[in-house]
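J.: how would this look folded up:
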Amino acid sequence: QFANLHPKAVLAGEILEYDGTFQIPAIAGVSHFAAANGLMRQKQFDAALQESKEAARLDPNLLAPHEILSAIYAQRKQMDDAENEYRAAMHIYQTVHPDYQAYNDPPVDPIGKH
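T.: Predicted coordinates for the structure are as follows:
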């Protein structure tokens, strides 16, 4: 959306300000994923679960939240949910963004079935 627009202003030399209304669920999803990732490092799993769910809701084709959800569900022994999220992550890895395969390892199966 922003590629052909010129910012109204540049704040602090790095923040671009635009006029208008924009749909940015993918960007919001990445923001929630970043929060979830930080919470995982702090071992705040309940909060990480919520942030990952929100990230996946905002951008269902974002790979990382599904990986986090799969790991958290496996840790909680919610194996059906862990499997579903793992499958979602693999689907994204293999079909939605196949370019991931060139630079990243496939999602980790937290329950070791695959």
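
J.: spell out the residue ranges of the strands in the protein.
T.: 9-11, 15-17 (DSSP state E).

J.: do a quick rundown of the helices in this protein.
T.: For the chain, the helices defined by DSSP state H cover 25-41, 45-58, 63-75, 79-91, 100-103.

J.: one step back: in CSV: the strands of the chain, plus mean pLDDT, distance to residue 44 and mean neighbour count.
T.: The way it works is simple: take the backbone N, C-alpha and C, and place the C-beta from them, glycine included. Below are those laid out as CSV (pLDDT from 0 to 100; distance: least, Cβ to Cβ, whole Å; neighbours: other Cβ atoms under 10 Å):
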stretch, mean pLDDT, distance to residue 44, mean neighbour count
strand 9-11, 92, 31, 9
strand 15-17, 88, 28, 10
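
J.: right, and those strands - which one's nearest residue 40?
T.: Set against residue 40 and scored by Cβ to Cβ, those come closest in strand 15-17, at 27.2 Å.

J.: great, nothing more from me.
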